[in-house]
Every structure is written in structure tokens, then in C-alpha cells.
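Participant: Next come a sequence and a model predicted from it.
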Amino acid sequence: MFDRVRKAYGRIRDAMRARQGTDGEGRPEKDSRGGGKRAHNLFEAAAAYVSACAEDDQDRIDEAAGWVSPEALSFGVNELACRAVIALARERDESPRTVARELLGLPSA
């Protein structure tokens, strides 16, 4: 499963680099004058979007949503959710499934 996620992330990352003109490290390529504006990556966008949603800050939600494509944002939010559930599960010494259901207010399976 993680191999599929890694491959999907790689495809999205490559597409984003091609579309945004970033170098191999996720930094924007500099123009001939040495300038260049730093682009946001999908994980920065996801972190900003989710934290803004948690704080109910519509301006920040809209800003973060504009940093990357909706598909990339969706992937980043999904990855953030997976990592958060895994971290909480390890912290609580419970299964990720139990933690996810508890966070959503669902009964134990």
C-alpha cells in the first residue's frame, strides 16, 4: 500500500515541478536575473489549509487552497491525516483504525 502512495506522490510531485518550474529540491528555478519567488509545495499547502480549517479562518483557508491544485491539496490533506492518525496511534498505543474512528466519533468496530 505504501508503495502505491509513494508512486502516486512521485507522479504528483513531478507534475507539480513541471507545472511550477521548480528545481529538484522544490525551490523555484531562478530567472536569468537571479530572482524567483518561492513556490509552496503541497505539504505546506495541506498544513496551512488544515490548520486554518481547525481555526475556522476562511481567509487562510482560501489562501492555502490557492497555493496548489485541488488534486494536490487533496493528496496533501490525505497524507497529513494518515501521518496524524499514525502518530496519535503510536502515542496512545492503539491501532490507527481505533484512533481514526474515535476522532470521527464513530463506535468501535
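Facilitator: Thanks, I have the structure now. Numbers count the residues shown, from 1 in each chain.

Participant: following the longest helix seen in the chain, which helix or strand shows up next?
Facilitator: Secondary structure of the chain per DSSP state H: the longest helix is helix 70-92. Going down the chain from helix 70-92, the next helix or strand is helix 96-103, by DSSP states H and E.

Participant: Could you list the buried residues of that following helix?
Facilitator: Within helix 96-103, the residues scored as buried using 16 or more other CB atoms under 10 Å are 99, 100, 102. Quick note: C-beta positions are derived from backbone N, CA and C, even for glycine.

Participant: related to what we said a few turns ago, what about the longest helix of the chain, average pLDDT?
Facilitator: Here helix 70-92 scores 95 as its mean pLDDT.

Participant: and the angle from that helix to helix 96-103?
Facilitator: Relative orientation of helix 70-92 versus helix 96-103 (axes from the mean of the first three to the mean of the last three CA atoms, to 10 degrees): 100 degrees.

Participant: quick one: average confidence on stretch 95-109?
Facilitator: For stretch 95-109, the mean per-residue pLDDT is 92.
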